[in-house]
Structure formats: C-alpha cells, structure tokens
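Chemist: Can you look at this prediction? I've put the sequence above it.
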Protein chains: 2
Amino acid sequence: MRESFHERLDELGEQLADMAQQAGAAISGATTALLTADLALAERVVEGDAVIDRARSRCEEHAYALLALQAPVATDLRVVLAGVRIAESLERMGDLAKHIARTARRRHPEHAVPDPVRPAFTEMGRICTQLARATELAVRSRSLTLVRSLEESDDEVDQLYRELFITLMAPGWAYGVVAAVDVALLGRFYERFADHAVGVARQMSFVATGRLGKSD
Amino acid sequence: MRESFHERLDELGEQLADMAQQAGAAISGATTALLTADLALAERVVEGDAVIDRARSRCEEHAYALLALQAPVATDLRVVLAGVRIAESLERMGDLAKHIARTARRRHPEHAVPDPVRPAFTEMGRICTQLARATELAVRSRSLTLVRSLEESDDEVDQLYRELFITLMAPGWAYGVVAAVDVALLGRFYERFADHAVGVARQMSFVATGRLGKSD
C-alpha cells in the first residue's frame, strides 16, 4: 500500500508540473498576443484556460482521494496538502494569463500597450514565463534550489510594476485614460502572476521544511 | 481523544470566524477611509492587517497540528482542509482591504474617488462588508443557507465593477489618468474581495457536501 501511495503521489507531482507548464505557455502566449495584437493567439489563450481549470479539479480530486483513502502522516501529508495549494496557485496563474489575453482581444486591432511601456511588458512577460518554468522544474524535481531565484525574479516584477505607475502617472502620459487603465490592470496581472509563482515555491519549501515562508 | 479533536476543531472554527470578523472590520474601515479621506482610519486599517496575517498563521498551525497528530478522516478531514483554505481567503480579503486603505492614504488630503463613482464605491463597500459578515456567520454556524445569498451579492459587485469601467472609459470622464487608474484598481480590489468571500462559502459547502462549487 505504501508503494502504491508513493506512486500516486508521484502522479500528483506530474499533474502539477504539467499545470505549471500550461500556465507558462499561457503567460507566454498572452504576452505575445498582447505585444503583437494577435487576436487568434489571444483567443487560444482565453479558451485554453479551461484546460488548466480542469487540471486543477483533477489534482484536487487526486489529492483528496489520497488523503481520504490512505490517511498519510508527516511528510507525505505535507506533500499532499502542498499539492492542493500549488494547484490553486497554478489555476490562478492561468486565470491571470487569461485576463491579459482578454485585454489584447478587447483592444484588437489596436494595441493595448502604448510604445513607452512596451519594454516593461516585454520584460514582465519574459520573467513571468521564466517563473512558471522554474515552478515547473521545482515541482518536478521537488527541489528548493530554485526558490531563492524565484523570489528575486518576483522582486524584479514588483519593481517593473512600480516603474509602470511612474510612467503612467507622469504629466507627460499622452495615451489617455483607457490605455492608462489597461496598463495599470495588466501590470497588476503580471505582478500577481509572479506572486503566485512565489507562492508555489513557498509551498515547495513547506514540503521540505514544514515551515511556511513569509506571506505578503 | 475524539472529544479533544472536536474541541480543537471548534477552536479552529472560532479562529476563522474571528478572522472573518476582522476582514469585515477592515473592508468597512477601508471604505470609510476612502470615502471620507480619513488618514488616521486608513493608517489603522493598513497596520491592522498584520493582525489578520498572524491569525492566518495561527489557523494554519492549528490545522496542521490537528492533521499531523490526529490523522482525521472523512468529514473531519474535509473540515480541517477547508479551514486551511478559508484562512487563506480571509487573509487575502484583509490584504485587499489594506490595498484600498493605502490608496486612501496615498491621495490624502485629496479624495481618491471622484464624485461620479462615489455611489458605486459606497455600494461595493456596503456589500463587501455584508459579505464578510455573512462568511463569519457561515463559519460560526457551519451553515450553508447563506451560500446562495453570498453568490448573489458577488454578482452585484461584479455588475458594479463593470459599470465603473463604463463610467471611467466614457469620453466624459473629466478626472484625469491618475484618478482613473485609482478607480480601476480600487474596483478590482472590491471585486476580488467579494470573490474570496464566495470562495469561503464554497469551502463551507465542500465541508458539507464533499463537492466543490464551480470556480472562476
């Protein structure tokens, strides 16, 4: 029974890593759709979110079945519980990518992102895609070595988000209210995406140490 | 041992209900601070968030101790797990109230919210305070009768949020970019607060039925 438990736990890990991979594809696609005003790609990201939602339900069912049937203790218990919360964070990351893609779709054929803030969004998209990839690797390897670098990347996204507001609220902003609101909300979606990636990393470290990192 | 388990479970329920009460006080205070540009009140809400964060850590420790020491099964297990997730949602509700209070503080002595959207924020604040109160009662009574009404209130907040954008993006918006960005983000904070309250309700219904409601 123990062997079968660990096999099923490994399956849960695989499912979570696949979800992280999907969240990474979603944020990468959403960023490209946003920066190139690519309607078809935006649509694919929006529609693809349902796949991540279903994957989260499957992970939860899997985790609760493990808990209910096998009443794991100690480390095994922590791993299963962390799995439930990781699935939740990854689903939110998918939702946030969907919100970004929806903004691209709403403004098409216009660009939602005016020229002065394109570099910031290019960079936030790149870092968030990397963060999703790092969470995928962290989950696949159950490794903590990536956690520190995830937190540093999150700080970079926070900094870009703050700079965005400085640009946006400067008297020289020439792109009007609609673009400003889009940019502010888009910035927040990336910032939250990065936060959730760090949340996943913290759950991984909880698995390893039994202690949660500091939350916001 | 069973009796002691249920006593400790009841304690967890009390802690969560207290957190919901604090989240309600926070959103109520944040809304008043926002609508009256009350700096001292905004400060209190911002500082008070640490209390909710600590309460969440205590709830988690309590829940994990219950799981690790007593390996509950079936309904008991579900209640404990739901408790962990409810604590997470309530902490996020506190964070969102803090974000609102910070916006009030940042704009003081100006008002962050221009006159045309004051009624919408008054209403969102009222509904969100009610939602927090309803989650408190739902947790205290472990009752599902409130869940339906929570979902209806959430729909109302979503509708107010959509209307806010119509006002904001209309050509007649005369309050500039900074106010528009504030209003858009503030609207999102209330909208997310209401979502999390519904998340708490769904966890309550998971406790009772073993099935999660649909997530966004």
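Modeler: Happy to help now that I have it. Numbers count the residues shown, from 1 in each chain, chains lettered A, B, ... in the order given.

Chemist: and A:R8, how far is that from A:G83?
Modeler: 11 Å (C-beta to C-beta, to the nearest Å). Yep, even glycine has a C-beta here, placed from its N, CA and C like the rest.

Chemist: Next, show the common contact partners of these two.
Modeler: A:H62 (C-beta atoms under 8 Å, 6 or more residues apart in numbering or on different chains).

Chemist: Looking at these two, which is more packed in?
Modeler: A:G83 (24 against 17; other C-beta atoms under 10 Å in any protein chain shown).

Chemist: can you pull the contacts of A:Q21?
Modeler: Neighbouring residues of A:Q21 by C-beta under 8 Å, 6+ apart: A:A132, A:E136.

Chemist: and it, how far is that from chain B?
Modeler: Taking C-beta to the nearest C-beta, to the nearest Å as the measure, A:Q21 falls 20 Å from chain B.

Chemist: Return the set of buried residues in the helix or strand harbouring that residue.
Modeler: Taking DSSP states H and E as the criterion, A:Q21 maps to helix A:2-36. Buried residues in helix A:2-36, counted by 16 or more other C-beta atoms under 10 Å in any protein chain shown: A:8-9, A:12-13, A:15-35.

Chemist: Stretch A:67-83 now?
Modeler: A:L67, A:Q70, A:P72, A:D76, A:L77, A:R78, A:V79, A:V80, A:L81, A:A82, A:G83.

Chemist: which among these are in contact with chain B?
Modeler: Among the buried residues of stretch A:67-83, the residues lying close to chain B (C-beta under 8 Å from any C-beta of the partner chain) are A:L67, A:L77, A:R78, A:L81.

Chemist: Report the two of those residues separated the most.
Modeler: Comparing all pairs in those by C-beta to C-beta, the longest separation belongs to A:L67 and A:R78, at 11.5 Å.

Chemist: mind checking how far the helix holding A:Q21 is from the chain centre?
Modeler: Its chain's average C-alpha position is 10 Å from that of helix A:2-36, according to C-alpha atoms, centre = their mean, to the nearest Å.

Chemist: who does the very next helix or strand once past that helix touch, helix- and strand-wise?
Modeler: Next helix or strand after helix A:2-36 toward the C-terminus (DSSP H and E): helix A:39-70. On a contact count with 3 or more C-beta pairs under 8 Å, 6 or more residues apart in numbering or on different chains; DSSP states H and E, helix A:39-70 meets helix A:2-36, helix A:74-107, helix B:74-107.

Chemist: Can you lay out those helices as JSON lines showing distance to A:D155 and mean pLDDT?
Modeler: Below are the helices and strands packed on helix A:39-70 laid out as JSON lines (distance: least, C-beta to C-beta, whole Å; pLDDT from 0 to 100):
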{"stretch": "helix A:2-36", "distance to A:D155": "18", "mean pLDDT": "92"}
{"stretch": "helix A:74-107", "distance to A:D155": "18", "mean pLDDT": "92"}
{"stretch": "helix B:74-107", "distance to A:D155": "18", "mean pLDDT": "92"}
